[in-house]
Every structure is written in structure tokens, then in C-alpha cells.
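*Asks:* Sequence and predicted structure, then a few things I'm wondering about:
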Amino acid sequence: MRTNYIYIDVVDVALICGLDIKWDTIESDEVQARCPYCGDYKYRMYMSRKAENATFWCHNCGTGGNAVTLYADFNPGMKRLSTKQSFAELMHLPNVHSHEYSTGHTPSKMEHIRPVHERSQIYLEMLSLLPLEDKHYQNLRSRGLSDEMIRGNMYKSIPTSSKDRKRIISHLTSHFDLCNMPGFCTKEFQWQMACCQHSGFFIPVCDRYNQIQGLQIRLDEAPPKIVTYPDGRRVKKNGDRFRWFSTRGNFYQNGTGISSYIHIVGDQNCDTLRITEGPLKADVASYLSGGELFIGLTGVQNLKYLGEIVTQLNPKRILECIDMDVRCNPDVQRAQSKIQSICMPLCEEYRTFTWPPDQKGIDDWLLFEKLKRERGYFAA
């Protein structure tokens with residue numbers, strides 16, 4: 001089943017809203033305008049007409065969004081509209097081009113997987129058998145988490161010792177059937193834990209009921225990978241530091257893959273939902289903001305369950321807290337456009353939240369602000 005999104009031409013909306021357009025760019029994929037948010041006079045707002053990235057971004061003040069947010073703020077009626085109101089009005093304006101488009105991606109068929117309550121029980125038992133090494137404890141403390149949160153969130157170190165893994169497997173198999181459990185497979189008819197060659201720690205990815213849907217891994221060092229280019233060149237690059245505890249693929253005997261689950265943390269009675277990248281980042285940001293409601297995407301491209309999760313949480317407003325590399329990374333910009341297309345119709349107000357670019361993520365910025373308040377720390 002393909003995923004469909006609504007494309008609304010942000011340049012058409014800019015014209016309706018009376019923005020000052022740089023007319024020699026009007027036929028380009030990226031159209032320049034003076035930013036109405038900061039009063040920029042050098043036409044540093046760039047608006048993309050590409051269906052997969054129909055957004056705007058001001059390179060002067062850092063404000064970004066899409067056609068819906070622009071119309072909500074600067075519609076001809078000069079009235080402040082909610083995201084839902086803005087979207088509804090735009091759908092009925094004849095001089096605004098809009099259409100449905102598909103990502104063109106057909107999800108692969110998932111293997112059978114244990115129900116979430118069973119997965120959670122088995123993962124909790126496994127984590128209870130593991131220690132948290134000091135280097136991983138120090139890493140979590142350096143992010144601003146308290147001892148209580150570190151214990152409560154059950155971050156645990158990966159058992160790189162085969163002896164430790166055998167002990168854990170022996171305990172688990174005496175209590176549970178490990179069939180259809182991501183992260184486990186068989187070798188010579190014996191159950192094994194996979195993904196444990198490199199040092200790192202497990203991060204539980206929880207649903208709204210605090211059940212563990214799966215485990216993400218943060219590696220201490222990203223292992224290298226070989227990239228082969230069309231001309232035949234093979235280049236060694238850094239691999240991914242974050243990955244799933246998963247045994248998908250023919251390489252694993254009786255293995256089970258995992259889907260792109262979304263992590264939920266914080267006060268679900270809050271009427272504002274914040275969206276960020278990564279379960280660990282969501283944990284840290286929620287804690288540093290006093291328990292605000294966050295969801296952590298396991299990669300900005302992993303949006304399979306986003307609409308379902310937002311509908312369940314039913315927030316009045318959404319703050320998009322994507323890492324600041326969205327300013328310069330085309331892949332992240334395309335993902336941002338899809339996130340906005342999914343979420344804007346599901347809330348009254350949708351906003352992009354920005355912070356100084358020297359702090360990459362929302363968790364980094366919140367920690368920086370906490371240090372300033374508590375220790376009188378200021379950037380040099």
C-alpha cells in the first residue's frame with residue numbers, strides 16, 4: 001500500500017499572501033522572496049516547488065514551513081488561522097495548485113512478529129539481566145539525564161561477551177519462546193542474540209502505554225561501511241551509529257525483523273506534541289523540558305505510523321523539532337515536507353521550532369539552556 005500526501009504549491013500561496021517575489025526566479029524549482037517573518041530585504045527566503053519538498057526556508061532568520069503555515073500567518077484576510085483552518089481554506093482556492101502525490105514506495109511484507117505485550121515482557125526480562133557499563137552511564141549523564149531517569153528508562157549495555165549472551169539466552173529460553181522476537185535467531189538449532197559484536201547500549205522504544213515495542217542500539221563507534229558508486233569505485237565511509245535490535249533477512253535463521261515504530265514519552269494530557277528524531281533524543285528533551293510530550297522518530301524517513309500515533313494522541317498543536325541540519329540536508333528537507341503533510345491536517349496549529357544552529361538537536365539546545373541557568377555557563 002502506497003503512502004499519499006497532499007501537495008500545495010507554496011509559491012502560489014506566497015503570491016496570494018502578497019510576498020515580494022524575486023521575479024527572475026519565478027520559473028525555477030526554488031523561488032526567492034523577501035521573508036515576511038524577519039523583513040529581510042535580500043530575498044533570502046527560498047520556496048521549493050518540488051512535490052517531495054514543498055517548503056520554504058529563510059536563510060536570514062531560520063524560519064521554515066510550508067504553504068499551510070505561510071497562509072495561516074499571512075492570509076489576505078489578515079486573521080490568525082489555525083493549521084486546520086488554513087488547510088481547509090487552501091483546498092478551496094482555485095488559483096492554488098494542489099494535488100495528491102505518492103511516495104512511490106510499497107512497504108515490504110513484514111514477517112510475523114510477537115504481539116507488543118509479549119515483546120515488552122521478554123525485552124524487560126532481558127534488560128533486567130544486563131548491566132549499564134560506566135562509559136554508557138557517563139554518556140547518558142552528559143546528556144543531562146538524572147540517575148533516576150537512567151534507571152527508569154532501562155538503558156543497558158550490549159553484552160559483547162559470548163559467555164554473557166549464553167547466560168541470558170539460557171535464562172530467557174527457560175521462561176519464554178523466542179520465536180518471532182526481533183533480535184533473536186537460531187544457529188545449529190540453538191537460540192542466539194544478534195547485533196552484539198560492537199559495544200554500545202540498548203534504548204527501549206515504547207508505545208503510549210509504556211510497552212517496549214522494540215530496542216534501538218546506539219553504538220559507541222559507528223562501524224565503517226563500503227559504498228560502491230555507479231562507476232565501480234568503492235569508498236569506505238562511517239556507518240550508522242543507531243540501528244534496530246533486529247534479525248531481518250536471509251542471513252538470520254528463524255530471525256524476525258522489526259518495523260519503524262515511534263517512541264512516545266512525556267505527559268499525554270499535554271495539548272502540545274513535539275516531534276523529534278530518535279527515541280534517546282525524545283527521552284532527553286522530554287526530561288529537560290519538565291516532562292513535555294515528545295515522539296521520537298527512528299529516522300526522519302520512518303513515517304509509517306506517524307499519522308496513526310498523532311491521531312491517537314490528538315494534540316491541539318504540534319511543534320516540529322527536527323535537527324538543525326534540515327537547513328542544508330536535502331534528504332531531511334524532503335522528510336520534513338512529508339512530516340508536515342501528514343501532521344498538519346491532524347492538529348489545529350503546526351509550527352517548526354528552531355534554535356541556534358550551533359546546537360544540533362533540541363536535546364542539545366535544552367541542555368545548553370539548562371547549563372546557562374544552573375551553572376552560569378555562556379558560550380565563548
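*Replies:* Nice, thanks for sending it over.

*Asks:* can you pull out the strands in the stretch 251-380 of the chain?
*Replies:* 263-265, 272-277, 294-297, 317-320, 349-352 (DSSP state E, counting those that start in this stretch).

*Asks:* got a list of contacts for the last one?
*Replies:* Think strand 349-352. 63-65, 68-69, 72, 82-83, 316-320, 322, 340, 343-344 (C-beta atoms under 8 Å, 6 or more residues apart in numbering). Heads up, the C-betas are built off the backbone N, CA and C, glycines and all.

*Asks:* Would you check the distance separating stretch 26-38 from the middle of the chain?
*Replies:* 27 Å (C-alpha atoms, centre = their mean, to the nearest Å).

*Asks:* if I look at residue 325, how far off is residue 331?
*Replies:* Distance of residue 325 to residue 331, given as C-beta to C-beta, to the nearest Å: 10 Å.

*Asks:* So between those two, which is more surrounded?
*Replies:* residue 325 (15 against 12; other C-beta atoms under 10 Å).

*Asks:* Give me the neighbour count for residue 356.
*Replies:* Residue 356 has 11 nearby residues by other C-beta under 10 Å.

*Asks:* Quick check, it in contact with residue 364.
*Replies:* No - shown here, residue 356 and residue 364 do not form a contact pair, counting by C-beta atoms under 8 Å, at 9.8 Å.

*Asks:* Please enumerate the helices of the stretch 51-200 of the chain.
*Replies:* 67-74, 83-90, 116-128, 134-142, 147-153, 162-173 (DSSP state H, counting those that start in this stretch).

*Asks:* want to throw those into TSV with mean pLDDT and distance to residue 240?
*Replies:* Output for the helices of the stretch 51-200 of the chain, formatted as TSV (pLDDT from 0 to 100; distance: least, C-beta to C-beta, whole Å):
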stretch	mean pLDDT	distance to residue 240
helix 67-74	89	31
helix 83-90	87	33
helix 116-128	96	21
helix 134-142	97	17
helix 147-153	96	22
helix 162-173	95	22
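
*Asks:* looking at the chain, which helix or strand is least sure?
*Replies:* strand 98-102 (a mean of 65; mean pLDDT, DSSP states H and E).

*Asks:* Highest mean neighbour count out of the helices of the stretch 51-200 of the chain?
*Replies:* helix 67-74 (a mean of 24; mean count of other C-beta atoms under 10 Å).

*Asks:* Return the list of helices and strands in contact with it.
*Replies:* helix 10-16, helix 83-90, strand 349-352 (3 or more C-beta pairs under 8 Å, 6 or more residues apart in numbering; DSSP states H and E).

*Asks:* Sheet partners, orientation included, of the last one?
*Replies:* Looking at strand 349-352 with DSSP bridges, its partner strands are strand 317-320 (parallel).

*Asks:* List of residues touching the strand it pairs with?
*Replies:* 83, 271-275, 310, 336, 339-340, 343, 346-353.

*Asks:* Go again with 7 Å.
*Replies:* Outside of strand 317-320, the residues within contact range by C-beta atoms under 7 Å, 6 or more residues apart in numbering are 271-275, 339, 343, 347-353.

*Asks:* do the same with stretch 264-278
*Replies:* So stretch 264-278 is in contact with 206-208, 242, 282-283, 285-286, 291-298, 300, 309-310, 313, 315-323, 339, 362, going by C-beta under 7 Å, 6+ apart.

*Asks:* rerun that using 6 Å as the cut-off
*Replies:* 208, 282-283, 285-286, 291-297, 300, 313, 315-321, 323, 362 (C-beta atoms under 6 Å, 6 or more residues apart in numbering).

*Asks:* for that stretch, how far is the first residue from the last?
*Replies:* With C-alpha to C-alpha, to the nearest Å as the measure, stretch 264-278 spans 10 Å from end to end.

*Asks:* Please point out which parts of it sit buried.
*Replies:* 264, 265, 266, 270, 272, 273, 274, 275, 276, 277, 278 (16 or more other C-beta atoms under 10 Å).

*Asks:* follow-up on the earlier one: I'd like to know which of the helices of the stretch 51-200 of the chain is closest to residue 46.
*Replies:* With C-beta to C-beta, the closest approach to residue 46 among the helices of the stretch 51-200 of the chain belongs to helix 67-74: 12.8 Å.
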